[in-house]
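Student: One predicted model, sequence on top.
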Amino acid sequence: MPDPANFSGIAALSICEALLLALNDHNILPEREIMGILLDASAAHDNAKGEEADLETHRAVSDIIKQIIAGGNSVRRL
């Protein structure tokens, strides 16, 4: 059976993407600010310290954020 924690992460990511899109659509945040948020989030995980297992998780999270930056979201490009 799939781990429910994985579903929570996917749900959180979808909500965050939708919020960023809405902020851009309503001219609350320009695209450059949204990209800055994503880049900051990625950098925070790239610069994390800790045990190797934790660092693996941080690298994987950073990679996902970088994929979002490179490819946009599932609905449309920011």
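Tutor: Cool, got the structure.
Student: Which helix runs longest in this structure?
Tutor: Secondary structure of the chain per DSSP state H: the longest helix is helix 4-25.
Student: Could you check the angle the helix or strand hosting residue 57 makes with helix 4-25?
Tutor: Taking DSSP states H and E as the criterion, residue 57 maps to helix 52-71. In terms of direction (axes from the mean of the first three to the mean of the last three C-alpha atoms, to 10 degrees), helix 52-71 departs from helix 4-25 by 40 degrees.
Student: tell me what helix 52-71 is packed against?
Tutor: Packing partners of helix 52-71 (3 or more C-beta pairs under 8 Å, 6 or more residues apart in numbering; DSSP states H and E): helix 31-46. All C-beta atoms are positioned from the backbone trio N, CA, C, and that covers glycine.
Student: Need the mean per-residue confidence for the helix it packs on.
Tutor: The pLDDT scores in helix 31-46 average 95.
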